[in-house]
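Participant: Show me how the following folds:
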Amino acid sequence: MTAPLRVGNASGFYGDRFDAVREMLTGGPLDVLTGDYLAELTMLILGRSRLKDPGRGYATTFLRQLEEGLGLAHERGVKIVTNAGGLNPAGLADAVRELAEKVGVPVRVAHVEGDSLPVPDGFLTANAYLGGAGIAACLRAGADIVVTGRVTDAALVTGPAAAHFGWGPEDHDALAGAVVAGHVLECGTQATGGNYSFFRGHDIRRPGFPVAEIHADGSSVITKHDGTGGVVDLGTVTAQLLYETGGARYAGPDVTARLDTVRLAADGPGRVRISGVRGEAPPPTLKAGLTRLGGWRNEVVFVLTGLDIDAKAQLVRDQIADAFARAGRQPDEVRWELARTDRADATTEETASALLRLVVRDQDPDAVGRALSGVAIELALGSYPGFHVTAPPGKGAPYGVFEARYVPAGDVDHVAVLPDGRRETQEPPARTRTLSEAGQPPLPAPLDAGPTRVAPLGLVAGARSGDKGGDANIGVWAGGDDAWRWLVHELTVERLRELLPETAGLPVVRHVLPNLRALNFTVHGLLGEGVAAQYRFDPQAKAVGEWLRSRRLEIPVALLDSADAPEVHA
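Facilitator: A predicted model of the protein is given here:
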C-alpha cells in the first residue's frame, strides 16, 4: 500500500511569514512543501513590477526564503512546489538554479508555463488558471523544485498527489479529495486558527502552518507540526472550506469537487479527517484572470470631534462640492463615508472623534491629485471647529481592476518544462462536464425554538468571508444540529439583506451545505471592480462575516444556553 503523502504549506500570500519555510522544514516530517504567493491583487503588482524590469514578474521573497531552505529541503528529501513564478516562472526557475549553484546544493528544478495568454489592449496581465497535471509531470521526471505561474491554489496539492499515487485524469473522486485538502492548505494559518471567529478559546498568537496527510483514495487528515501554535479542529477546517467558495460544485481544471459530499470528523487531538469527497469531470473551460489599470484614486480622511458630528460632516461635503463646482469639474466618482467611531462624553480625544472618508476616482490623475489636495488643504482654517485630517492629501495613485473570463481548455498550452529541459505538453481532460448549479438539498425540520432573546448571531454561528473579483463570499456555519436547524431556516437571503443593509439591491445567492452545517452566500458586486480598485472600506470583504456575526436578532434561548454554544463574548 502506498504511504500517505504529507504536504505542508508555508505561504498563503505574497508577504506571509518569512520564516515559515524553515519552520515547516525543521518542525516535523514532510514529503512536499508548497507555497501559495498569488492572488488577484498580486498579479497586478507583479505586472507593474515587470513593466519596470522585464526579467522580474515573480515573487522575489521566495528566493530569499530558499537561501536557507534549499539545503534543509535537500537534507530531508522534501520536494518544493510553488506558484511564486507569477508572470515569469522560467525566470524564477533560472534564479533558483543560480542560487543552488551559489549555495552548493544539487537540486533539479522544473517549471510549468503556458498560463500566460495574449493580453488584450488596455490590459496589463492575462493568465489562465492551470491544473496540477504539469506539476505532476515535473515531479515524475525527478524534479526537486517545481515553479509555476498561475495555477489554481489547489493544484499545488493535486499535482504532487497525482504524481505520488499515480492518479490519472479520470480519478475524479481522488482528485476531488486532493482539491479539498488543497483548499484547506492554501491560505496557510487560516486553517490553524488564524482569522477564526472563535479565537478566544485558543492560543493563536503564532499559529503553525497546516499539513495534509493525503491517502491513495483522496481522503486526508489536516493537522500541523507538533509543538506549533494555533489549533486544528472541526471549526477551523470548516471555516477554511467555506472561504471563497460558492455552491456545491467547486470547479477547477482537474476536477469539479462536490463540496456537498465533504465529511469532516475528529481524528484525535489536532487532527481532522476529510473523507467522502466525490468528484465530477471538470468544465470544458478554464478561468482566466485579467488585470488592468482602471484609473487614479485619492482619499482624504477628515477627523470630526465632539458635538454636532453630522452637521460638521455636512459642512465639509458642501464645501468640497462647492469647490469642485467653482473649478468647473469634479472627479468621475466621489464617495463619502462617515464612520461614527465617536463616543459621548469620551475620556480621550480620539474616542470623541468620528472619521469622514472621502474617496475620489477618475481616469485623469490631475482630477484626483492637486485638484483634491488643494481643496482639502485650503479648508484648514475655514471649515468646522477642530478641523484636521489623518494625513496630508497625496498626489493620488493608480488603482487596478480584475476581470474573470473563461477560455476553452484546449486553447491553452499547458507545458511542463522538465529538469533536463524537455518540454512536455499536458493535454486537457478528454471528458468534461458543463458546470451547472446543484439542486438544493432537503432541509432539516425547523427547530421548535421556544423562548427567544435578542443577541448577536455570532453567539451561535461562525463565519468567514472573502473576495472573488467584485463579489463577496460569506460562509456561515453552526456547531451543532439544533443550531443548524435554526440557522438554515432563519438566515435566508432576505434576512441577510436585513442584517447587512449594504447588500440591499445587490444579487445574493444562498448555497446550502448540510454535511458542513453551513450556508455560503455570494453577494455579487459588493466590491465593485475588485480589491485592486479599493472600492469600499473593506475591499476584500475580509470582515463582512464578522459584521454579520455582530448583528442582533431573536435567537432561541435554548441555543444561547447550550453547552455546545461557542466561547464568544458579546
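Participant: longest helix of the protein?
Facilitator: Counting by DSSP state H, the longest helix found in the chain is helix 309-327.
Participant: Would you mind listing the outside residues contacting stretch 39-55?
Facilitator: Contacts with stretch 39-55, where a contact means Cβ atoms under 8 Å, 6 or more residues apart in numbering, come from 13-14, 56-59, 86-88, 91, 124-125, 127, 150, 289, 291, 400, 402, 467, 469, 530-532. Every C-beta, even on glycine, is put in place using the N, C-alpha and C of the backbone.
Participant: Show me what counts as buried in stretch 143-156.
Facilitator: Going by neighbour count (16 or more other Cβ atoms under 10 Å), the buried part of stretch 143-156 is 143-156.
Participant: before we move on, the earlier item: quick check: what element follows the longest helix of the chain along the chain?
Facilitator: For helix 309-327, the following helix or strand on the C-terminal side (DSSP states H and E) is strand 333-339.
Participant: sorry, back to before: please check the contacts of stretch 39-55 and keep the buried ones.
Facilitator: Of all the contacts of stretch 39-55 considered here, the ones buried according to neighbour count by 16+ other Cβ under 10 Å are 14, 56-59, 86-88, 91, 124-125, 127, 150, 289, 291, 400, 402, 467, 469, 530-532.
Participant: that older thread, grab the CA positions of the longest helix of the chain and hand them over as PDB.
Facilitator: Only the C-alpha atoms of helix 309-327 are listed here, as PDB (Å, rounded to 0.1, in the frame of the first residue of the first chain):
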ATOM      1  CA  ILE A 309     -20.800  65.400  14.100                       C
ATOM      2  CA  ASP A 310     -23.500  65.200  11.400                       C
ATOM      3  CA  ALA A 311     -23.500  68.900  10.900                       C
ATOM      4  CA  LYS A 312     -19.700  69.100  10.700                       C
ATOM      5  CA  ALA A 313     -19.800  66.300   8.100                       C
ATOM      6  CA  GLN A 314     -22.400  68.000   6.000                       C
ATOM      7  CA  LEU A 315     -20.400  71.300   6.100                       C
ATOM      8  CA  VAL A 316     -17.300  69.500   4.700                       C
ATOM      9  CA  ARG A 317     -19.400  67.800   2.000                       C
ATOM     10  CA  ASP A 318     -20.900  71.200   1.000                       C
ATOM     11  CA  GLN A 319     -17.600  72.900   0.900                       C
ATOM     12  CA  ILE A 320     -15.900  70.200  -1.200                       C
ATOM     13  CA  ALA A 321     -18.900  70.200  -3.600                       C
ATOM     14  CA  ASP A 322     -18.800  74.000  -3.900                       C
ATOM     15  CA  ALA A 323     -15.000  73.900  -4.600                       C
ATOM     16  CA  PHE A 324     -15.500  71.300  -7.400                       C
ATOM     17  CA  ALA A 325     -18.300  73.400  -8.900                       C
ATOM     18  CA  ARG A 326     -16.200  76.600  -8.900                       C
ATOM     19  CA  ALA A 327     -13.300  74.600 -10.500                       C
END
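Participant: pLDDT-wise, which helix or strand of this protein ranks last?
Facilitator: None of the helices or strands of the chain scores lower by mean pLDDT, DSSP states H and E than helix 370-378, at a mean of 86.
Participant: by contact count, what packs against it?
Facilitator: Here helix 370-378 touches strand 285-305, helix 309-327, going by 3 or more Cβ pairs under 8 Å, 6 or more residues apart in numbering; DSSP states H and E.
Participant: could you dump the ones you listed to JSON lines with mean pLDDT?
Facilitator: Putting the helices and strands packed on helix 370-378 into JSON lines (pLDDT from 0 to 100) gives the following:
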{"stretch": "strand 285-305", "mean pLDDT": "95"}
{"stretch": "helix 309-327", "mean pLDDT": "95"}
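Participant: Deepest-packed of those, please.
Facilitator: With neighbours defined as mean count of other Cβ atoms under 10 Å, the helices and strands packed on helix 370-378 peak in mean count at strand 285-305, which reaches a mean of 21.
Participant: The least confident helix or strand of the chain to helix 309-327, inter-axis angle?
Facilitator: On the basis of axes from the mean of the first three to the mean of the last three Cα atoms, to 10 degrees, helix 370-378 is oriented at 130 degrees to helix 309-327.
Participant: Buried ones in helix 370-378, by neighbour count?
Facilitator: The neighbour-count check on helix 370-378 (16+ other Cβ under 10 Å) flags 371, 372, 373, 375, 376 as buried.
Participant: And for stretch 327-339?
Facilitator: Under 16+ other Cβ under 10 Å, the buried positions of stretch 327-339 are 330, 331, 334, 338.
Participant: Confidence-wise, which of those comes last?
Facilitator: Ranked by pLDDT, the buried residues of stretch 327-339 bottom out at residue 330 (89).
Participant: That residue and residue 534: what is the separation?
Facilitator: 19 Å (Cβ to Cβ, to the nearest Å).
Participant: before we move on, what about residue 74?
Facilitator: 42 Å.
Participant: Of those two, which one has the most company?
Facilitator: Counted by other Cβ atoms under 10 Å, residue 74 and residue 534 do not tie: residue 534 has more neighbours, with 21 against 18.
Participant: Surely the more buried one is in contact with residue 398?
Facilitator: No - counting by Cβ atoms under 8 Å, residue 534 does not reach residue 398; the two are 10.6 Å apart.
Participant: In CSV, list the buried residues of stretch 327-339 along with distance to residue 64.
Facilitator: What follows is the buried residues of stretch 327-339, written out as CSV (distance: Cβ to Cβ, whole Å):
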residue, distance to residue 64
330, 45
331, 40
334, 42
338, 43
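Participant: now, which of those sits nearest residue 166?
Facilitator: residue 331 (58.3 Å; Cβ to Cβ).
Participant: And the helices in the stretch 1-150 of the chain?
Facilitator: For the stretch 1-150 of the chain, the helices defined by DSSP state H, counting those that start in this stretch occupy 20-26, 40-52, 60-76, 89-103, 133-140.
Participant: Going by neighbour count, which residues of the shortest one are buried?
Facilitator: Spelled out, it's helix 20-26. By neighbour count on 16+ other Cβ under 10 Å, the buried set for helix 20-26 is 20, 21, 23, 24, 25.
Participant: Likewise for the third one?
Facilitator: Residues of helix 60-76 classed as buried: 61, 62, 63, 65, 66, 69, 70, 71, 72, 73, 74 (neighbour count, 16+ other Cβ under 10 Å).
Participant: of these, closest to residue 216?
Facilitator: Nearest to residue 216 among the buried residues of helix 60-76: residue 73, at 24.3 Å, using Cβ to Cβ.
Participant: Thanks again, I'm all set now.
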